[in-house]
Structure formats: structure tokens, C-alpha cells
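S.K.: The following block contains a protein sequence and its predicted model.
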Amino acid sequence: MSERFEGPPPAFDPAVAVDAALTKLEEFTAQNAQEPFPHVYHLDPPPFIAGRTHRIKEQVGLLSSCIASIFSEKIRKKHNRIRKEKQDELLNAISILKKHYPYIYKFEQGSPTHQALAQRFFSTIKNFNALIDLNSPHASQKNNGNLWHTIRSYLCRIGGLSVTQEVICNKILLPNRKNFEDESSLKLFSKRFQIRSETSTTHRVSHIFQSKKVFVHQQDTELFWMKALSLLRKENVYFNSVEEELACIKQSPISETLTSKGAKWILEMRQVINPFPGEKYVVVGQFIKPTQGTGRGIPIPNSFSMTSTPTQTGFPHASQYTGWALSEMLIPKCPHRLDLLPTVSLILKNQHETANRLTLEAASLVKAKQIYSLRKKVFEKHLETFLILHESLSLSLLNSLLECELKKRKVKHYFATLKNHPTPFDCLSESYSLLMEQFVTKPYLALQNAWIENGTLVFNSRESAQQILEREIALKSKEVHFQAEKTDTEMEKAVLDFIGVLGPLLAVPSATIILQEFSEIINFAPPCLDTFAQKIQAATYRQALAFQAELQKDSLQNGEEDRIYECLKERLLEDIQLFSAAEPPPHFPIVEELSKYFEWRYVSQKS
């Protein structure tokens, strides 16, 4: 048996609960490791009995019990009771592991004991999921050719000992841990808005908060770019053109640190390159400088390296939808009981598979990049049409809450300025992406981190969690306003004003949706979503479904530009109609499913 967590726990230590839950799943997985289908029948092996002999005895006992139950209602009831008890234990263990996965991500960087627990966590979940997959349609069809397996499965099912869909549906799908890493609380701009040819809005705005500037010779920067280009090509990173490749490198911000080493100085340059949503490459290199000044440095050959960190979520970036998109943080990361969420569970499963394909399959990523390029081309070919539609969408969002005329003027000014931008589609997409990062992702992470640090006992009510979200939203509003006041570039100010208007507006319903998810984690009464929040939630799932469907289609065909044009226009018109309506449509199946689920979970955990 794998290593157990030992030692007295502190006042709040999830390791004890996680250890017990892992033990429960390990026992279940080990008992069913050689079975064609999972069941709850188990005989403890007597001393001195060989493994094969005991296995034969256990199989005979299983079949005898199942056959006996056909003729005895008393035995059937006994089997159903045993199965319910075992499944309740399993479901409780699954809930504990899903609830505490953020702790495990932290444990990976913790003490040796916590690191061992994290390794065991991922290994146990992998084995459990593999066992659950034995009951997938593909596996069932594969086993249909084995008559013995079919007979045993049938007898076990009617005998009340096979595991039901209540457990089978609860495969443990964990989100990408890299999406929960918050690199900087002040770095508002993470990508480019391209105002000048080689210095992006991103890079210039990030220096607002720098207290000390490191002076770098232009030739050092150019040499660093050449090294980055070489490393990207060695990694076979796909770009649609050489021009796009060079622009991506030159427009990605570089951070510099200068440290003394004897009589010399070491300049370290670090660049984060995001060629495409979900792709992240970090290039690092060092130069020897004779002085602390601006003189040219000498590159240290073996110091240049690049690391890749995929951050695919299976949810569309704004550039992968229509130029705007909401946030994957508005979809519950790990609902504890997927069997009670039939529609949402299917979306989550497809989202997980989409993220894996984009991470592991080069062809899927290339296809996604080609679709992006076509979407950008179509958008900018019909620029006036799409800017009018996007402006209408933004104004319909403002009209939902009867916002003031000043805010509407800022939105209109943003789109008027966007007409003259060299890459308006990228600028619009990054504006929405940044907006969601600051006003949805960061508040979500602030609440999650507070819960990890303090535990459930600190959150004695929904109000405690809500205050954390509201504080973070207020902080981001101040940061955006501060940067808007400091900038002297019209495009930067237009972007920041746009984010400053729509960010807080969308943050309010988003916070309610986040609280709904955390009601299951922290165990408080879930909030009731108002009309605007329901529309935001419905739009989020509509975007997820559209993205998944697009990547599942066959390879690109002739006439793809016309299809994308119609698709972009149709989706924007649907969103405008959704947010312009005074009331929500009469039926939001996913919204209703989530509302009933979280209410039921709160009541069941309280009882």
C-alpha cells in the first residue's frame, strides 16, 4: 500500500481528509482491478490462501450471491443496501477529493510529506478514472464479444451488486493547475495592443508600476529576440507566417534584472511569449556587462533556455469566439456530484477533452490557429459591420443595468478609436481577455486563496466570501482608473476606459456565479441569480458549446471565410438579443439545472 500521511494535523489541515478519501478509492480500485466491470462484492482473503485460489473463490461467491438474489427478495434488498452504503462512501470520498484539489496543487510545492500526498492523489485518481472508463460505451462494446463477461455483468446488475451510474458518472476531471497561478497583481496588461511597430501598449503600460528601470542596449534586445526565435523554431511552434512570428516576439514584453558579480554585472532577460491562447513560452537568457550603464553586453551562451507551459482550458479566448468572450471561471471547476448535472457534466467532459486535444495534439492546435487567422481576416475585411455589432453588444450590456450616458460615451469612443488600430480584432479580443482576467479571474483566485489559507471555518456565511470578491473588484477598478489617468496615449486610454466601464459591470453578476460554485465548497446557501446574472451564465455555456463544436468539425473547407462571416454575425446578433431583452427567455435549461443542483447540495450537506 502506498505511503500514508502521518503525524498530528494542525488546526486546519485537509491532508487528513484527503488521506482517508484516497484510501477509500484505492481499496475500491484494487478490489476491481481485474474485473471487467466495477462492483461492490468483496471477500477479505483468508490467511495462507493463494491469490489465484482466493480470486476463484470470490468470483464463485459473487455469482452465487447474484443468482440467489434472483429468487430471494430478502437477498436483493440486502445487496441494494450494501451497494448504497458502499456507493455513498465512494461518492463522499470523491466529493472530498474534488473539494480539496486546490490544496493538492499547493502541496506539490510543499514539504516532502505533502509532495508525497500530492503524487498519491494524482496516481489514485488516474487509476480510479481508468476503472470508471471500463464502463464507457466504447469499453462496453469491446466487452460485448466476451460471452462470459456479458453473463457476469448481467447477473451482477440484476443481483444489485454492480456499481450504478451514480458512481460511473463521477469521473474526477481536474482543471489545469497552471490556470490558477497568479503571476502579478499589478501587471494589468499581459499581451499586446500594438500601437508602435516594436513597442506595444502592453510593454509601456507595465512600466507605470516599475520603481527602477534597467537600461538595456538595443543590440542586446535584438540578440535576445534572435535567440527566442531560434528556440521557438526548434520547438516547432506554429505560426501562420514569418511576419506573425517576428511580430509576436517583438511585441511580447521583456523583463530585466541586473545583479553584480564581482567586478562585472549580470543582466538577465526574461520574456513571456504567448503565440496563441493556451500557449505560453518563457525565454530566459543572460549577458555579461562591464558596467551598470547602458553599454552592450556579452551573451552567456549556455544561459539561454525556453520552457513551455500549456494553459489550455477548453473554453474560448475572446479571439476564439467573436472578439468577445466571458470567462472559464464562470463554469464550476469540479462539481462534486456530476451525476446530478447531466447537461453540465457533458459540457465539462467535452471541455476537458478539448483542452487535452489542444495541448497534446499538434494537428488540433494548428487547426485552431488557422481558424483564428480566418476569423481575424474576416473580421477586419468587414470591420465596420463587426464594430457596429460589437458596439451594440456593449451598449446592450450597459442598458441591462441602466448605466449613465458618460459610460456609454466611453464605450462609443473606444470603438471609434478601434477603427484606426492596425490590428483591431486583436486589440478588441485582448481588451475583453484582460477585462475578464482582472474582474473575474483575479477575484475568483482571491477567494480561492483565502479559502486555502484559512479554511472553511473562517467563512461562517456567504457574506464573508462576498466581501473578498467585492474587495478584489474594487481594487481592480482603482488600478484601471489609475492607469487610465497616467497614460498619455489615446488608444491606451480608450482601452482602459472601456475596461473600466464594462469590467465592474460584468464583475457583479460574475461574482454571484462564483459564489454559487463556492456554496458547495464552503457550504453556505447558494445565492439567487438575478436576470442579468442568468443571462451571463447562459451566454458562458453557449460560448463553451460553440467552441467545442467548432473544433470537432472536419478540416477547413473551401468557402470557409463565408461560413465564418455568417457565424460571427449570427453569434453577435444572438448575444445582442439575449442582453437586450427585458426578461430572460422562458427557459434556461442549464441555468435551472445549476440552480437546482447547488440548492440540493446545500440542503443535503446540512442534513
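M.R.: Ah, there it is.

S.K.: Am I right that Glu561 is in contact with Val378?
M.R.: Yes: in this structure, Glu561 is within contact of Val378 by CB atoms under 8 Å, at 5.5 Å. In short, each C-beta sits where N, CA and C put it, glycine included.

S.K.: tell me how far the ends of stretch 334-349 are from each other?
M.R.: The first and final residues of stretch 334-349 sit 11 Å from each other (CA to CA, to the nearest Å).

S.K.: gap between it and the chain center?
M.R.: Relative to the centre of its chain, stretch 334-349 is centred 15 Å away, using CA atoms, centre = their mean, to the nearest Å.

S.K.: Could you do stretch 540-560 as well?
M.R.: 19 Å.

S.K.: Name the SS class of Met306, please.
M.R.: Secondary structure for Met306, judged by DSSP: H, G, I helix; E, B strand; the rest coil, is strand.

S.K.: neighbours of His336, just the number please.
M.R.: 21 (other CB atoms under 10 Å).

S.K.: Assumed it was part of a strand.
M.R.: No: under three-state DSSP, His336 sits outside any strand and is assigned coil.

S.K.: ok, Pro310 touching Glu279?
M.R.: Yes: the criterion here is CB under 8 Å, and Pro310 meets it with Glu279 at 6.9 Å.

S.K.: now the strands: where do they sit in this protein?
M.R.: 254-261, 264-273, 281-289, 298-299, 305-308 (DSSP state E).

S.K.: What is the first one packed up against?
M.R.: So that's strand 254-261. strand 264-273 (3 or more CB pairs under 8 Å, 6 or more residues apart in numbering; DSSP states H and E).

S.K.: just to revisit the earlier point, so for Pro310 and Glu279, which residue has more residues nearby?
M.R.: Set Pro310 next to Glu279 and count neighbours by other CB under 10 Å: Glu279 wins out with 19 against 15.

S.K.: shouldn't that one be in contact with Val237?
M.R.: Yes: using CB under 8 Å, Glu279 is in contact with Val237, at 7.4 Å.

S.K.: Spatially central residue for the protein, please.
M.R.: Thr313 (4.2 Å; CA atoms, centre = their mean).

S.K.: residues in contact with that residue?
M.R.: Thr313 is in contact with 175-176, 179, 278, 328, 351, 355, counting by CB atoms under 8 Å, 6 or more residues apart in numbering.

S.K.: Save those residues as TSV, and put in distance to Leu387, neighbour count and pLDDT too.
M.R.: TSV is the format used below for the contacts of Thr313 (distance: CB to CB, whole Å; neighbours: other CB atoms under 10 Å; pLDDT from 0 to 100):
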residue	distance to Leu387	neighbour count	pLDDT
Pro175	34	22	88
Asn176	33	20	78
Asn179	30	17	62
Gly278	27	23	88
Glu328	26	24	96
Gln351	30	22	95
Ala355	31	22	93
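
S.K.: Can you flag which of the residues you listed belong to helices?
M.R.: Under the assignment DSSP state H, the contacts of Thr313 contribute 351, 355 to helices.

S.K.: Just give me the closest of the contacts of Thr313 to Leu223.
M.R.: Each of the contacts of Thr313 was checked against Leu223 using CB to CB; the closest is Gly278, at 28.8 Å.

S.K.: what's the closest non-adjacent residue to the closest one?
M.R.: Distances taken as CB to CB, 6 or more residues apart in numbering put Gln312 closest to Gly278, at 3.8 Å, once the chain neighbours are dropped.

S.K.: Let's see the pLDDT reported for that neighbour.
M.R.: Per-residue confidence (pLDDT) for Gln312: 91.

S.K.: got it, and the one 4 residues further on?
M.R.: Reading off the per-residue confidence, Pro316 sits at a pLDDT of 96.

S.K.: for it, what are its contacts?
M.R.: 277, 325, 543-544, 546-547.

S.K.: Report the two of those separated the most.
M.R.: Taking CB to CB, no two of the contacts of Pro316 sit farther apart than Pro277 and Ala546, at 15.0 Å.

S.K.: Show me which of the two is the more surrounded one.
M.R.: Neighbour tally, Pro277 and Ala546, criterion other CB under 10 Å: the higher count belongs to Pro277, 23 against 17.

S.K.: In this structure the more buried one contacts Tyr321, no?
M.R.: No: using CB under 8 Å, Pro277 is not in contact with Tyr321; the gap is 10.6 Å.

S.K.: to the chain's geometric centre, what's the distance from stretch 558-575?
M.R.: The answer for stretch 558-575 is 26 Å, by CA atoms, centre = their mean.

S.K.: And the residue lying closest to Asn129 once chain neighbours are set aside, how far from Glu353?
M.R.: Of all residues not flanking Asn129 in the chain, Lys171 sits nearest, at 5.2 Å (CB to CB, 6+ apart). Going from Lys171 to Glu353 by CB to CB, to the nearest Å gives 12 Å.

S.K.: In the chain, where's the longest helix?
M.R.: Per DSSP H, the chain has its longest helix at helix 490-518.

S.K.: So which bits of it are buried?
M.R.: Neighbour counts over helix 490-518 (16 or more other CB atoms under 10 Å) mark 491-518 as buried.

S.K.: From Arg83, how far out is the residue with the largest distance to the centre of the chain?
M.R.: Most distant residue from the mean C-alpha position of the chain: Phe71, 50.5 Å away (CA atoms, centre = their mean). Distance, Phe71 to Arg83, by CB to CB: 19 Å.
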